[in-house]
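just a sequence and a predicted model for now, questions to come.
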Amino acid sequence: MADRPWIFRTYSGHSTAQASNRLYRSNLEKGQTGLSIAFDLPTQTGYDPDHPLAAGEVGRVGVPVSTIDDMEQLLEAIPLDRMNTSMTINATAAWLLALYLAVAERRGVDSESLRGTTQNDIFKEYLSRGTYIFPPDASLRLTTDIIEYTVDQVPNWNPINICSYHLQEVGATPVQEVAFGLANAISVLDASQVPAEKMPTVFGRISFFCNSGIRFIEETCKMRAFTRMWDRLGRERYNVEDPKLRRFRYGVQVNSLGLTESQPENNVPRIVLEALGVSLSKDARTRSLQLPAWNEALGLPRPWDQQWSLRIQQILAFETDLLEYPDIFEGSRVIEEKTREIEEAAWDEIRRIEEQGGAIAAIKSGYMKRALVESNARRLEQIESGERVVVGLNRFVESDPSPLVGGEAAGVLAVDRQAAELQLERLRAFRSKRNDDEVQTALTALRDALQNGNNVMPPSIRCAHAGVTTGEWSDALRDAFGEYRAPTGVDAPVKLRGDGPINEIRERVTAVSAQLGRRLKALVGKPGLDGHSSGAEQIAIFARDAGMEVVYQGIRLTPEEIVRSARQEGVHLIGLSILSGAHRALVPEVLRQVEVPVVVGGIIPDEDAAWLKERGVAAVYTPKDYDLYRIVGDMVEIAARAHGVG
Amino acid sequence: MHTALAEPGTDAEVEEVLRGEDPAIARVLAQVEDVRPAQLEAQRQIIRTLESSTPAANTVIGLTGPPGAGKSSLAGALIRHWLDAGHPDSAAGVGMVAVDPSSRRSGGALLGDRARLRFESGERVFVRSMASREQLGGLAPATRAAVTVLRAAFPRTLVETVGVGQSEVDVETVADSVVIVLQPGSGDTLQFMKAGLLEIPDVLVVHKWDLGEIAERTRSDLLALLPLLTTPGDAHWDPPVIGVSSQSGEGVSELAEALASHRDWLERSGELARRRRRARTEWILELFSRRYGTRGIESLGGSESARKLAASSPGTALDGFSDLASRAGLESAPK
């Protein structure tokens, strides 16, 4: 019998709830079968749009949802009882789920009919995505609160989506992706306070979100390894007898890390091959698929770009014969051997993590983060040396002019700059018409639950109805749990190659430092709410290897904090990394107040790069600048020139 | 932000440093970190002026311990405590020097402590990260000078260094009080102490106190060990062992109180003056041997004699350095 197609999704959301709702409805009309909501960074990190840290970030990488009214508008005319909704939300997952459930209640939709997923995986936020707020133990409590609540009240909801996806995005090897993903799941299951007879149900509700890279044969084996290991964990560790509950259920977004800014049309075949890696093997086939847009490395994709990705899925599912066969790798010795190799290495790694006290301990100690930073440095070095071929980037780089990019359209979506203003006005209007007494009573009930260790979901749903905002809900939790700064991993003992361009740069650093009277010193940090720190981490590591003293300040900084640090540290140069697109709002604030040169890296369209340089930025680096040694060499010369040494 | 900047090296600039103003402190730090010999005279001036105007009560606290013990978080929690509105010195601020190791191969360093520290914009905290460079002993060459600058500006200056075994040796010679930060279950450090490889610090912190039982066990191990390693006497200080959780804040004020009473004890016992003299001597010897090497020390009659000469030389450490150089006939020697 032919397999049913997976759920077709497109990760999307931007500007306002209203604009995103329009987009969702048009995507559903085109044959998309589920929603995947992208929230903006203030919503993900628990700030209202009028918080200073939200400057420049409102509505940028996703939709802002500050209140129940926003959620209602976002889901307008979308039948919740027939929809499968995936929400990429983590630190504030309990809150966004509460808003979703409150909207369903308002519409009289039975909670048993609600289907969907809250990502709710804070582990990978510490390791990769950076939208964590609270310390690991408090975060784990929120995660398990959601699990315990939904298992009873929203039984068809996937309360957690353990993400190995983001680990590959910061350089994880297939073995690391499998091992860290499963170790994280073990920590969550071990922490869940459910009666033993309910454990099989809970186990069956855990789903995963995986990545698929360009080495699609190995990726196929990785998914088979995942499937078998999960089954074994269920059987042996959690006494799950029903094989159906031990199925490894996972969704996928294929790899964005390997997509190139240069010759972006090559990304289309990449995306197709990566989709094969998670669909070829029936026994390990994905349940839902999101494909990035071909031009993602250039900026925000347009609806047409997303449509192209949806069409790829539809061709794969409906035109090809993929779904007509049982598992085509049955009996393949080669696939079996590779699968077993990944499996064994991953069990070893899981054992090492367990010996340290489990995933939480390995996150707190920085063990996992350092391992990822090291893998990523290795990967970048391989691209730089040409050992790893990336067509159009480090090989076969010659190209005729592309008709797809350039010209007026620039090939990406221009963000509606008024959206943030609109959102602010909406929030102010909402605050003025709500009943303040109800808000305060609901917040008090929330604080009580936090203090007494009661499940956070019921009082959060009450807060949603009462008109509490995302920032207010998050502040209550900040007061109770405190905020956390995760290990940065930049202290990993990364050994880079000792040959090649590095020696020349080291000599230059030594010469420039001698003239300056002290060693060349740089500050590297990420202003704004974007937590994707791996670019900044790698620049810091390569600059250190080139002989510079690098003050690494980490993520979620205000321009003011960066200025202050740069001054106190007496650095010769500042490097800022911003991937959210908020560079126009954040960089000038820094420039205005410092006298040393500033370089910026990120997803920055050419037009914006020119704009930044006009305002005094010394250099702008984008994903096509893959050679980190060249960037670091450049930074040395920029600093030397600015300080008048040769 | 102030508008008119004081000229470098002037009284006005020193005034600004003493008031704890960021730009002036940063300028002076850049100046004293400069290794070019031509800078020595200006550095001598500024250090002399700063030392003579430093309030007598200002103090330096060393924070050391093995990697992963959470020194930066603890420093953050302590600073937060001193800046708390209820604290009598909250307006005066805190200084901090965070030392991280340099790569021997490249000479570069990653200074990551700032990623762990977070302060509000109005709070008066000055943090300078430094690399230990080629120096053994865990202190950057300019750390002593930087500490002198910050000590002039703030009632309290923290010096954070990594390491256990030998690297904490130097922090003893720059700080008035030394805190060692241990994480629960750190048997290695206990072994170091037993073997006499590790000097007994003034205060011991068992960090990550929220881990519960294992933390309490580490504390009782330490409490059992300490009496065997210290000799009671009149001018005796019993090093307290304090459980602290930076996460929950538990034990932080206890630690601050222990530091305050250690500081009282230093003064009462005369130990403060002894430690400051020792710090000065070490600084002189460090400057001298970095500039003139073992040959320079030999021309002073060996290390014992050099140490005596350093101890009896007049003025600041930089004056003492020049004194030793001229005694050795090296005043105008090329670098």
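Received the coordinates, thanks.

determine the three-state secondary structure at the residue nearest the centre of chain B.
Geometric centre of chain B, nearest residue: residue B:159, 3.8 Å, by CA atoms, centre = their mean. Here residue B:159 is recorded as strand under DSSP: H, G, I helix; E, B strand; the rest coil.

so which residue of the stretch 51-200 of chain A comes closest to chain B?
residue A:135 (6.1 Å; CB to the nearest CB). C-beta: built from backbone N, CA, C; applies to glycine.

what's the local residue count around that residue?
21 (other CB atoms under 10 Å in any protein chain shown).

the residue nearest to the centre of chain B and residue A:43, how far apart?
41 Å (CB to CB, to the nearest Å).

just residue A:582 next, same as before
Residue A:582 is 14 Å from residue A:43, by CB to CB.

residue B:59 - how many residues pack around it?
Other residues near residue B:59 come to 21 when the count uses other CB under 10 Å.

ok, and the closest non-adjacent residue to it?
residue B:176 (5.0 Å; CB to CB, 6 or more residues apart in numbering or on different chains).

pretty sure residue B:69 belongs to a helix, no?
No: looking at residue B:69 with three-state DSSP, it is coil, so not inside a helix.

what residues go with each domain of chain A?
A:9-385, A:502-642 (automatic domain parsing).

save the ones you listed as a markdown table, and put in mean pLDDT too.
Shown next, in a markdown table, are the domains of chain A (pLDDT from 0 to 100):
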| stretch | mean pLDDT |
| --- | --- |
| domain A:9-385 | 95 |
| domain A:502-642 | 95 |
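
higher neighbour count, residue A:582 and residue A:43?
residue A:43 (33 against 23).

for that one, which three-state class applies?
Assignment for residue A:43 (three-state DSSP): helix.

got a list of what the residue nearest to it when sequence neighbours are not counted touches?
Computed as CB to CB, 6+ apart, the closest residue to residue A:43 that is not its neighbour in sequence is residue A:65, at 5.1 Å. Contact partners of residue A:65, counting by CB atoms under 8 Å, 6 or more residues apart in numbering or on different chains, are A:17, A:39, A:43, A:71, A:74, A:96, A:99, A:470.

of the residues you listed - the most surrounded one?
residue A:43 (33 neighbours).

from memory that residue sits against residue A:93, does it?
No: using CB atoms under 8 Å, residue A:43 makes no contact with residue A:93, being 11.0 Å away.

ok, back up a step: name the helix or strand for the residue nearest to residue A:43, please.
For residue A:65, there is no helix or strand it lies in under DSSP states H and E.

how near is it to residue A:338?
Distance from residue A:65 to residue A:338, by CB to CB: 43 Å.

do the same with residue A:355
27 Å.

same thing with residue A:228?
Distance, residue A:228 to residue A:338, using CB to CB: 13 Å.

with neighbour numbers in mind, choose between residue A:355 and residue A:338.
residue A:338 (19 against 10).

check which helix or strand covers the closest residue to the more buried one other than its chain neighbours.
Once flanking residues are discounted, residue A:338 sits nearest to residue A:221: 4.2 Å by CB to CB, 6+ apart. Using DSSP H and E, residue A:221 sits within helix A:216-232.
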